[in-house]
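In: Fold the following for me, if possible:
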Amino acid sequence: MLNFGSKETLKEIADIPKPNPGAPIPWILSNDSDLYLSFYTSEKTFESYQNISSNNLKVTNYEKDCVVTVVFKSFCKYMVGLPNDEVLSSHALYNKGLDSLYNAEVINSSWIVELEKMNSVHPSHNREWFLKDLKHFIITFKNNIFECVAKGYDVSLSLGSPYQSIREIINTD
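Out: Sure, this is the predicted structure:
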């Protein structure tokens, strides 16, 4: 388990729509560098994001339920699982403002410090290069939490299913 310290703070991420409160049904697919996280959001969210201007957000139209797909670029590590929304108060960042159906960046992340320390035994380790642009992201769902350390992300909205959305993105990359 991660030991978060007193220095961590949460910064809400506005350009990732919040998960559907009932059944977001997240899908995850990764390769050596990119991680695809796709989940259901609500129609109202889709409509409100169609006109948003963001370098990270792309809107595509399909024909079914609204889906968010986040592609985490150059990810280092991720985890998914407990706590769920009913025991969210047990998470170390709960007192920092972590909430249900919440998307945030963890500022001053102890997890990133821990990963850098782990990598420091490599003979060619360069601390500045390793830490450059690394960010700790957290997304809370109804039944679990997703956390990822990556260099950045892109977001797309589509209508369909999480599986279809990931397939579409992979087929165009």
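In: sec struct for the residue lying farthest from the centre of the chain, please.
Out: In terms of distance from the mean C-alpha position of the chain, residue 123 ranks first, at 30.7 Å (Cα atoms, centre = their mean). Secondary structure for residue 123, judged by DSSP: H, G, I helix; E, B strand; the rest coil, is coil.
In: and what of the one 5 residues further on?
Out: Secondary structure of residue 128, reduced to three states by three-state DSSP: helix.
In: Run through the helices of the protein in chain order.
Out: All helices of the chain, identified by DSSP state H, fall at 43-49, 110-119, 127-131, 162-172.
In: which of those has the lowest average pLDDT?
Out: Lowest mean pLDDT of those: helix 43-49, a mean of 57.
In: any weak-confidence spans in this structure?
Out: Low-confidence regions of the chain, defined here as pLDDT under 70, cover residues 1-6, 43-64, 173.
In: and the gap between residue 37 and residue 24?
Out: As for residue 37, its distance to residue 24 is 10 Å (criterion: Cβ to Cβ, to the nearest Å). For glycine as for every other residue, the C-beta is placed from the backbone atoms N, C-alpha and C.
In: Oops, could you answer that again for residue 166 instead?
Out: 14 Å.
In: before we move on, back to that, okay, the helices of the chain in JSON lines with mean neighbour count next?
Out: As requested, those are arranged in JSON lines below (neighbours: other Cβ atoms under 10 Å):
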{"stretch": "helix 43-49", "mean neighbour count": "14"}
{"stretch": "helix 110-119", "mean neighbour count": "15"}
{"stretch": "helix 127-131", "mean neighbour count": "11"}
{"stretch": "helix 162-172", "mean neighbour count": "16"}
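In: Relative to residue 95, which of those helices is closest?
Out: helix 110-119 (14.4 Å; Cβ to Cβ).
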